[in-house]
Structures are given as structure tokens and as C-alpha cells.
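Undergrad: Next input, structure requested:
(2 chains)
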Amino acid sequence: MCTVCGCGDARVEGSGHHHHDHDHDHGHTHDHGHDHGHTHDHGHDHGHSHDQHYGQGIAGVHVPGMSQTRIIQIEQDILGRNNADAAANRARLAEAGIFALNLVSSPGSGKTTLLVETVSRLKDQMPVAVIEGDQQTTFDADRIRATGAPAVQVNTGKGCHLDAHMIGHALDRLDPPENAVLFIENVGNLVCPAAFDLGEAHKVVILSVTEGEDKPLKYPDMFAAADLMILSKVDLLPHLTFDVERCLDYARQINPNIQPLKLSTVSGEGMEDWLGWLAEGRKGALVQRRAMLEAKLTALRKDIEAGA
Amino acid sequence: MHEMAMTEGVLRILEDQAKAQNYSKVRTVWLELGQLSHADPEAMAFCFDAVVRGTLAEGARLEIVRTPGEAWCMGCGETVAVAQRFDPCPRCGSHRLQVTKGDDMRIMELEVE
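TA: Just a heads-up that it's a prediction; the model follows:
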């Protein structure tokens, strides 16, 4: 894993590079959102007030009066870089009117099957694009591309989640059409992806009924981070002891605002609701884009009038 | 193990700040990990020792400060203490809670030279 940019050995399919230039020239700013101006150096001399910090360093070398050490306060979020990259992705997606979703689940919940089905149904009605995340192989992107929709695979190598930096590069590569619905299928993992904002509009957690109904309680961070919870493979319910209501109650204990949706790609149950939710979300992105374009147009008109 | 990526985020901040704050060695890092945050303190400590090897923070001490979780109970209309995400409101037993504090993960202070 790269210890400079933390990019792991992640590779965006086709790019073949493990970029180590660190220029991060995404064409967007990497504003950290932290005002570094508030950083202040205490500069207090050693041996008073903060002396609980001394004499605990390596081999007790911090003898008061002899040490050059000082305490500085920096107050920086350790996910600050990822959050800044995510904000840049979000701005870029908003400008293009793209409604982006981050699909998260454990391995085997049926994410890719759901995506293939969804993309097949949507692609004649609206632009669709997919970013596929896995540790290895391009199997999933291949499955999406077979539907005719553009897809790019990100292999995280040993990495357990996608991060916003990877998505920035994947967007460069994929160049999704304007006003599209963009699905980002995260690495199958119900833990790590919860912490990493990619710049999506919503995290969508998918839980299949062949898993335990107590998963929301076992992996609370993910259910807390998601806005929509798809309970998948519900056609199998007659063969299982899975208690749907109990599962949804658990999910609401973690996240009272989570919206549940029961779905089966086999029986088709819930597909219309899912497609309706997507269309509604996309409409929101389009309305937001229209407002941005109108604001630009107004500014342009004023500029022209002022010069005329 | 996302703690590895997070620890690399810590190191990146230490390296970024070295120039701005004019230090060449980090002795101690005080890291706030909220009780409801995404990181496991033991995993962070384990990864930290591995990640800082051969860097300006080699051998540095990682002091993890746990901050308690707080949530807004919609039923009570009050802020209440919660230890875990699925805890009910200690006053009314409801789960209609919005976490308001305790999910932070940030570097608070550094001892440097």
C-alpha cells in the first residue's frame, strides 16, 4: 500500500498505472476544508502545566529544559483528505447532473445481479454508468458491459474499500454521460466502506435474506450510513426462517430514517419501487443541475448587459 | 481492515504538517476516536506502529482519547448518552435517536521536535 497517498495497490481498469506522481490533477481542487490558520503553537516552556506529557516519550529522553519538544494543536480529521476528494467528486457529479449511488453489502448479497437487471431496464430510458469495485478481476464490469452500459472496474488489490481518490480517477476514465444514474458497486464488505464517503448522493445497503436478520445490529456503522436498505432475494423467503419485520426493526434501531425496500430480481417483486426511487433521485439531481445552469446563465446575461 | 488506510491518513497529516509547523520528529500523537466512530482503537494502534516505521513518526507514542457518544432523542427532545449505535434512549427506551457526538476521528495534538 502506498504510504504517501494511501491509494493501496488499487488500479483503475485499463489505466495500468499505480500513479505515484501525487499531483492529483483531477481538474478539481483538493480543498481540505480545514482552515489551517487556526493551528497554534503553544510554545510553553517545559516543566509546567503540560508536564503530564513529559518523561513518557521514548526512553524518557524528555528531560525538562533539555528537550526541544513542543506541543502543537492541529485538530485535523483523519479522513480529511478522503472527505475533500469526496466533496470534489460530489461537485463534479452535481455539475454534470449525475445521480450517484454507493452500493454496499457483504459479498454474495446479489449486488451485481441487481445492477445487471437494473441497468438492463433503465438503459433505454436514461443514461446509466457503473463503477465496479473488487479486490481482483474484471468479472463484474464485464457483466455490466454485456448489457451495453459503460462500466469501469476498480481493483483495490489488498484494499477493503473504495475511497474517493479512486473514484476521482475512475470518473476520469469512465467519463459518465451527463444526467446519468451512476452506480458505484463497492467492495463486498459490510464494515470498511461505511467510513469512506465517495461523493455519492446516497449509500444503499443491500442485505440478502439468506444472511442473518441481525446483521444491522452486528454491522451498525453501515446501516447508520445508508439511506436505503434493499432486502434482496425475497423470493427465497418461503424456504427460510428469516424474520423480515425483526430485521427491519433492527435496521431502524440503528437508523430511524432508513428506508426499507424488499426486492427480488427473480420474481420481480420490488423492482418497480426501486426503479421509481431511482427516477425520483435522478430527477432531484437534474433539478439541482438546472438551478446551477440557470444561475450561470443569469450571471452571463448580467455580464453581457453590463458590457453592452 | 480500514484502520490501515485511516492510519495512513494520520501519517499523511503528520507529514503535511511537518513543514508548516517546522518539526522533523513526532514524539506523541493524541488521536480522538469517538466511541461511535468507525475505527477500532486496538487496530489503529497496531497499524500505527507498522505504518510509521521509517518515517518522521517512527517510535512515536499514540495516545488514543475516547470521547463518549451522544445522541438527540426525538421522543424526549433531549441530548442523551449512548455507548453504541443500537443503544436505546436511556430515558424513554426509544430508538429514535440521531447521533450528535462521538463519531469524530481526528488528531488533536502532537508532541514534536
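
Undergrad: in chain B, which spans are helices?
TA: For chain B, helices defined by DSSP state H occupy the ranges B:2-21, B:41-51.

Undergrad: Mean neighbour count and distance to chain A added to those, as CSV?
TA: C-beta here means a position set from N, CA and C on the backbone, and glycine is covered the same way. Output for the helices of chain B, formatted as CSV (neighbours: other CB atoms under 10 Å in any protein chain shown; distance: least, CB to the nearest CB, whole Å):
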stretch, mean neighbour count, distance to chain A
helix B:2-21, 20, 4
helix B:41-51, 17, 6
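
Undergrad: For A:I167, which residues are in contact?
TA: A:D85, A:A86, A:N89, A:I131, A:V154, A:I184, A:L198, A:G199 (CB atoms under 8 Å, 6 or more residues apart in numbering or on different chains).

Undergrad: Can you tell me which of the residues you listed is closest to chain B?
TA: Minimum distance to chain B across those is 11.4 Å, recorded for A:D85 (CB to the nearest CB).

Undergrad: wait, doesn't the closest one sit right on A:D163?
TA: Yes. The pair A:D85 / A:D163 is scored as a contact, 7.3 Å apart, by CB atoms under 8 Å.

Undergrad: Next, count neighbours for the nearest residue to B:S24 once chain neighbours are set aside.
TA: Among residues not flanking B:S24 along the chain, B:L56 sits closest, at 6.2 Å (CB to CB, 6 or more residues apart in numbering or on different chains). Residues lying near B:L56 (other CB atoms under 10 Å in any protein chain shown) number 15.

Undergrad: and the gap between B:L56 and A:A201?
TA: From B:L56 across to A:A201, the span is 39 Å (CB to CB, to the nearest Å).

Undergrad: Also B:P90?
TA: 34 Å.

Undergrad: Can you name the residues that contact the residue nearest the centre of chain B?
TA: Closest residue to the average C-alpha location of chain B: B:L33 at 2.1 Å, with CA atoms, centre = their mean. For B:L33, the contact set (CB under 8 Å, 6+ apart) comprises B:A39, B:P41, B:M44, B:I64, B:V65, B:R66, B:T67, B:D104, B:M105.

Undergrad: B:E70 too?
TA: Residues near B:E70 by CB under 8 Å, 6+ apart: B:T79, B:V80, B:A81, B:V82, B:V99, B:T100, B:K101, B:G102.

Undergrad: Can you get me a residue count around the closest residue in space to A:R282 that isn't next to it in sequence?
TA: Excluding its sequence neighbours, the residue lying closest to A:R282 (CB to CB, 6+ apart) is A:F99, at 4.3 Å. Other residues within reach of A:F99 by the criterion other CB under 10 Å amount to 26.

Undergrad: for A:F99, phi and psi?
TA: Dihedral angles of A:F99 (phi, psi; degrees, to the nearest 10) stand at phi -100, psi 110.

Undergrad: Residues in a beta bridge with the residue nearest to the centre of chain B, which ones?
TA: B:R66, B:M105 (DSSP bridges).

Undergrad: right, and A:L231 touches A:E245 too?
TA: No. Using CB under 8 Å, A:L231 is not in contact with A:E245; the gap is 10.9 Å.

Undergrad: Looking at the two, which is more packed in?
TA: With neighbours defined as other CB under 10 Å, A:L231 and A:E245 compare such that A:L231 has more, 25 against 8.

Undergrad: Run through the residues that contact that one.
TA: A:L231 makes contact with A:L207, A:S208, A:V209, A:V244, A:C247, A:L248, A:P260, A:L261, A:K262, A:L263, according to CB under 8 Å, 6+ apart.

Undergrad: which of these are buried?
TA: Among the contacts of A:L231, the ones that count as buried by 16 or more other CB atoms under 10 Å in any protein chain shown are A:L207, A:S208, A:V209, A:C247, A:L248, A:L261, A:K262, A:L263.

Undergrad: How many residues are close by the residue lying closest to the last one once chain neighbours are set aside?
TA: Distance criterion CB to CB, 6+ apart; nearest residue to A:L263, sequence neighbours excluded, is A:G270 at 3.4 Å. Neighbour count for A:G270, taken as other CB under 10 Å: 18.

Undergrad: Could you check how far A:G270 is from B:P41?
TA: A:G270 is 40 Å from B:P41, by CB to CB.

Undergrad: What pLDDT does the model give A:H42?
TA: What the model reports for A:H42 is a pLDDT of 44.

Undergrad: Now the spatially most central residue of chain A: which helix or strand?
TA: Nearest to the mean C-alpha position of chain A, counting by CA atoms, centre = their mean, stands A:L198 at 2.9 Å. Counting by DSSP states H and E, no helix or strand carries A:L198.

Undergrad: Helix, strand, or coil at the spatially closest residue to it that is not a sequence neighbour?
TA: Closest residue to A:L198 apart from its sequence neighbours, by CB to CB, 6+ apart: A:I167 at 4.7 Å. Here A:I167 is recorded as helix under DSSP: H, G, I helix; E, B strand; the rest coil.

Undergrad: got a pLDDT number for A:I167?
TA: A:I167 carries a pLDDT score of 96 in this model.

Undergrad: Return the distance of it relative to chain B.
TA: A:I167 sits 14 Å away from chain B, going by CB to the nearest CB, to the nearest Å.

Undergrad: can you check A:I304 too?
TA: A:I304 is 43 Å from chain B, by CB to the nearest CB.

Undergrad: what number of residues lie near that residue?
TA: Neighbours of A:I304 (other CB under 10 Å): 9.

Undergrad: so where's chain A uncertain?
TA: A:1-11, A:13-67, A:308 (pLDDT under 70).
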